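>>> Could you look at this predicted model? Sequence included:
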Amino acid sequence: MSSRMTLILVLVILALITLSSSLFIVDEREKAVLLRLGEIERTDFEPGLHFKMPFVNNVRKFEAREMALDAQPARYLTGEKKNVIVDSFILWRIEDVGAYMTSMGGDQERAALRLSQIIKDGLRGEFGRRTIQEVVSGDRVAMVQDILKEANRVAEGFGIEISNVRIKRIDLPSEVSSSVYTRMEAERERVAKELRSQGAEKAEEIRSDADRQRAVILANARSEAEQIRGNGDATATQIYADAYGANEDFYSLYRRLNAYQNIFKGDDMLVIEPTGDFFKRFSDPNQSPQ
C-alpha cells in the first residue's frame, strides 16, 4: 500500500511537471516566439494561456512596448564643413518578432548597436546637407522625417520599427566654442553700440523739439502777456480819463495834493517863494489851475 501511494504521488508530480512545462503565458506587454529544436515554429501568439510540447518546444519572450535608446553623442560635419556634437535618442519597438529573432538572435544589445549605426548614418547625411544655422534654427521635423523614412527602410529587415528620433542638443566642439563666443560677443557689442548711437540721436531730436516747443510757448505767452498788459493800460487810461472828465477841479486838487505829499516830506526845510502855477492853490485855494 505504501509503495502504491508512493508511485501514485510520483506519477502525479511527473504529471504536474509535464503539464507546467506544456503551458506558458503571454503577457499583453510581450511578444513570444515558439521554437522547435531551435527553429522558429510560431510567432503569432495573442495574450493569454498557450500550450507547447514539453522538452521539444521552447518559448522566448520579448518586450512588445516601445523602448528608448539613448545614443552616445557623436560628431557630424555640416555642409559648411563645421563639426557639431549631436546628442540624440531613439524610440523603437519590435514589429516582426520572427524577423527580429532571425536577424538579431533576440539580442537587444545587438539590436541597439545596429539601430545606433543606422541613425548615425541618417544624421550624418542630413547634417551634411545643412548649415549650422539650418540645423539649429531650421525645421527639425522635416529632417527627422527624412531620417525616419530611410532608417525604417533598413530596420524593416530586422523586424524593428523606429517610431521617433529626437535631437536633445547640438553643441560645438570645445576647440571652436571660444572663438564662436568671441565673435558672438563682438557682434552683440556692435549691435549694442549701434542701438546706443541711435538712442542718443533720438534723444537729441527729442530735446531739440522740446526746446523749440518751449521757445514757441514762451514767445506766445509773452505776446499774450504784452497784449493783455496793453489792453489793461488802455482800460486804465480810459478810466482815468473818464474820472478826470467827470470832475476836473477835484482831480486837479487830488494830483496836486499827491505832488505836495511827495515833495514836502521828511524833516528837510525848504525856503521858497510860493509863486508859479504849482503854488497857485497856496495863494488862492479857489483859483482854478490853467
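Noted; the coordinates are in hand. Residues are numbered from 1 along each chain as shown.
>>> show me where the stretch 1-150 of the chain has helices.
For the stretch 1-150 of the chain, the helices defined by DSSP state H, counting those that start in this stretch cover 2-22, 97-104, 108-128, 132-137, 140-155.
>>> contacts for the last one?
Contacts made with helix 140-155 from outside it, assessed by C-beta atoms under 8 Å, 6 or more residues apart in numbering, are listed as 92, 115, 118-119, 122-123, 125-126, 130, 135, 161-162, 164-167. Every residue, glycine included, has its C-beta placed from N, CA and C.
>>> in this structure, which spans are strands?
23-26, 30-36, 39-42, 48-51, 57-63, 67-70, 74-77, 83-94, 160-171 (DSSP state E).
>>> I'd like the average pLDDT over the third one.
Pointing back at strand 39-42 there. Averaged across strand 39-42, pLDDT comes to 78.
>>> same check, this time on the fifth one
Averaged over strand 57-63, pLDDT sits at 82.
>>> again with the last one
Mean pLDDT, strand 160-171: 85.
>>> which of the residues in it are buried?
Of all the residues in strand 160-171, those buried under the rule 16 or more other C-beta atoms under 10 Å are I160, E161, I162, V165, I170.
>>> Name the strands paired with it and say parallel or antiparallel.
Taking DSSP bridges as the criterion, strand 160-171 sits next to strand 83-94 (antiparallel) in its sheet.
>>> for the third one, same thing?
Strands that pair with strand 39-42, judged by DSSP bridges, come out as strand 30-36 (antiparallel).
>>> any residues touching the partner strand, and which ones?
So strand 30-36 is contacted by 24, 26, 40-43, 45, 47, 50, 52-53, 56-64, 94, 97-98, 101, 106 (C-beta under 8 Å, 6+ apart).
>>> now the angle from that strand to strand 57-63?
Here strand 30-36 runs at an angle of 160 degrees relative to strand 57-63 (axes from the mean of the first three to the mean of the last three C-alpha atoms, to 10 degrees).
>>> orientation of strand 30-36 relative to helix 97-104 in degrees?
70 degrees.
>>> any idea how far strand 30-36 is from the chain center?
What separates the centre of strand 30-36 from the centre of its chain is 51 Å, taken as C-alpha atoms, centre = their mean, to the nearest Å.
>>> Just the C-alphas of that strand, formatted as PDB.
Extracted C-alpha coordinates of strand 30-36, given in PDB (Å, rounded to 0.1, in the frame of the first residue of the first chain):
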ATOM      1  CA  GLU A  30       5.100  40.800 -24.500                       C
ATOM      2  CA  LYS A  31       5.700  39.100 -27.800                       C
ATOM      3  CA  ALA A  32       6.500  35.400 -27.900                       C
ATOM      4  CA  VAL A  33       8.400  33.000 -30.300                       C
ATOM      5  CA  LEU A  34       7.800  29.300 -30.100                       C
ATOM      6  CA  LEU A  35      10.900  27.400 -31.100                       C
ATOM      7  CA  ARG A  36      11.100  23.700 -32.100                       C
END
